[in-house]
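Asker: prediction below, plus the sequence it came from.
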Amino acid sequence: ETGVTQSPTHLIKTRGQQVTLRCSSQSGHNTVSWYQQALGQGPQFIFQYYREEENGRGNFPPRFSGLQFPNYSSELNVNALELDDSALYLCASSLGGEWEQYFGPGTRLTVT
Amino acid sequence: SQQGEEDPQALSIQEGENATMNCSYKTSINNLQWYRQNSGRGLVHLILIRSNEREKHSGRLRVTLDTSKKSSSLLITASRAADTASYFCATDGFNTDKLIFGTGTRLQVFP
């Protein structure tokens, strides 16, 4: 059984650029959730994908978008990066209907 | 927005002592979970307690839930230096699968 993996580990982007973060879910899991964690804060829910469809969204603007692929891996895309987008981005996979989520190590994004 | 708030924000203890951290939340829940995060990396699921449960144990962890007070506590007994981490409570969105996290307690265990 493989765990949740994320790439890249670290990323530095300039304000206004676009970024794509990737997540491979744990084997057998069909649900992926994305979270943003600012320094010193708890993770904030961005959105969730279940079987390739968006299944809930938090209070984030449309420039945060995502995809889930048939193998249940996922991407988070952020357009027009702002300085406040600097954070740790976490993805978590789960089996639909189960409450426990399994988190990847995160991608630390720095926007300058 | 954060659903829950942990208390205290930071806690420093010696190895062997017990650590207690509390979580309060705002809305009705199906369950409450506790997660651990080491050095700003991924979160590790520790324990889940359902809304109809009052207490749950897992190894050195004891979790209580009081739905009338909308609060939970996590007790770590006989703490070890390896327990040094941030601890977060997370509640479900009642009718959704999303997790709503609290602000976290930073635990430091000194050898």
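Answerer: Ah, there it is. Predicted, not measured: the structure shown is a model, and the values here were computed from it. Residues are numbered from 1 along each chain as shown, chains lettered A, B, ... in the order given.
Asker: who's the nearest residue to A:Pro8 once chain neighbours are set aside bridged to?
Answerer: Leaving aside its sequence neighbours, A:Pro8 sits nearest to A:Thr107 (CB to CB, 6 or more residues apart in numbering or on different chains; 6.1 Å). Just so you know, the C-beta spots here come from the backbone N, C-alpha and C atoms, and that holds for glycine as well. With DSSP bridges as the criterion, A:Thr107 is bridged to A:Tyr89.
Asker: wait, what's in contact with whichever residue of chain B sits closest to chain A?
Answerer: Going by CB to the nearest CB, chain A is nearest to B:Phe101 of chain B, at 3.5 Å. Applying CB atoms under 8 Å, 6 or more residues apart in numbering or on different chains, we find B:Phe101 in contact with A:35, A:42-44, B:2-4, B:35, B:88-90.
Asker: identify the bridge partners of it.
Answerer: Per DSSP bridges, the residues bridged to B:Phe101 are B:Ala90.
Asker: what is the burial count for the residue of chain A found nearest chain B?
Answerer: For chain A, the residue closest to chain B is A:Gly42, as judged by CB to the nearest CB, at 3.5 Å. Number of residues near A:Gly42 (other CB atoms under 10 Å in any protein chain shown) recorded here: 25.
Asker: pLDDT at it, what is it?
Answerer: You'll see A:Gly42 listed with a pLDDT of 93.
Asker: poorly predicted segments of the chain, please.
Answerer: Using chain A here. By pLDDT under 70, the low-scoring segments of chain A are A:1-2.
Asker: switch to chain B, that's the one I care about
Answerer: B:1-3, B:93-97.
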